[in-house]
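Asker: could you look at this predicted model? Sequence included:
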Amino acid sequence: AGIGLTPAPIFERSITPYEQIPLPVPSKGEDVIADYRSLGLTLGDHPLLLIRKNLNQRNLLTAKQLRLAANGSLVRTAGIVTCRQRPGTASGVVFVTLEDETGYSNIVIWRTTAESQRKTLINSQLLGVFGHIERDGEVVNLIAKKLIDYSSLFSNLTTRSRDFH
C-alpha cells in the first residue's frame, strides 16, 4: 500500500490549481524570438517569412528571386547575415552570405564600398543590399553598391553571424 500524503493547508484553499490556469498561446513571432534567444536558430517559421510583407513593400527580392534575375540587372534584397569574410588574399573585398526563407544569397562588397559603409556592414543583423547581379555559370553574386541596416524590422530578435578575417 502507498503512503498517504496530505496536502499542506495552503494548497487545500487554492481557488484554481495551477494546472488549470490557461496560458496564452505565443504568437509565431514570439516562438521564433524565444527559439533564437535559447538556441540561436528556429525550426519553426523563418524570421523573414514573418516580415516578408514589409520587405515586399520595399521591393526587396528573396534569395530565390535573385537566383532567377538576369545578369547585370539592378536589384535589391535583404537577409539575415550568416557570414562575413574578408580573406587576406581578396584585396579588401568582403564576402557576405545572407539568408532568408528561400535560401542563401552571395554578396560581394568591393573594398571602397566596404570602407565607406563599414558601420552598416559590421553592425547589421538584417542587411539590405542594392546592387547588380553577376553570373558565372550557376554561381550568382550580388555586387553591392549600397548597404542598408534593416535590423530594426526584427525588434526583439537577435541573430549571430560567423565572421572571418
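Answerer: Thanks, I have the structure now.
Asker: what helix or strand is residue 134 on?
Answerer: Assignment of secondary structure by DSSP states H and E places residue 134 within strand 126-136.
Asker: buried residues, that strand. List them.
Answerer: By neighbour count, and taking 16 or more other Cβ atoms under 10 Å as the criterion, the buried residues in strand 126-136 are 126, 127, 128, 129, 130, 131, 132, 133. (Glycine included, C-beta is placed from N, CA and C.)
Asker: elements contacting that strand?
Answerer: Where contact means 3 or more Cβ pairs under 8 Å, 6 or more residues apart in numbering; DSSP states H and E, strand 126-136 is packed against strand 74-85, strand 94-100, strand 103-109, strand 139-149.
Asker: could I get the ones you listed as TSV with mean neighbour count?
Answerer: Output for the helices and strands packed on strand 126-136, formatted as TSV (neighbours: other Cβ atoms under 10 Å):
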stretch	mean neighbour count
strand 74-85	20
strand 94-100	22
strand 103-109	20
strand 139-149	17
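Asker: mind putting those strands into CSV with mean pLDDT and distance to residue 121?
Answerer: Shown next, in CSV, are the helices and strands packed on strand 126-136 (pLDDT from 0 to 100; distance: least, Cβ to Cβ, whole Å):
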stretch, mean pLDDT, distance to residue 121
strand 74-85, 95, 7
strand 94-100, 95, 7
strand 103-109, 97, 7
strand 139-149, 97, 6
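Asker: hang on, the earlier thing: which one of the buried residues of strand 126-136 is nearest residue 93?
Answerer: Checking these against residue 93 by Cβ to Cβ gives residue 131 as the nearest, at 13.4 Å.
Asker: separation between the closest one and residue 24?
Answerer: Using Cβ to Cβ, to the nearest Å, one obtains 43 Å as the distance from residue 131 to residue 24.
Asker: do the same with residue 73
Answerer: Distance of residue 73 to residue 24, given as Cβ to Cβ: 46 Å.
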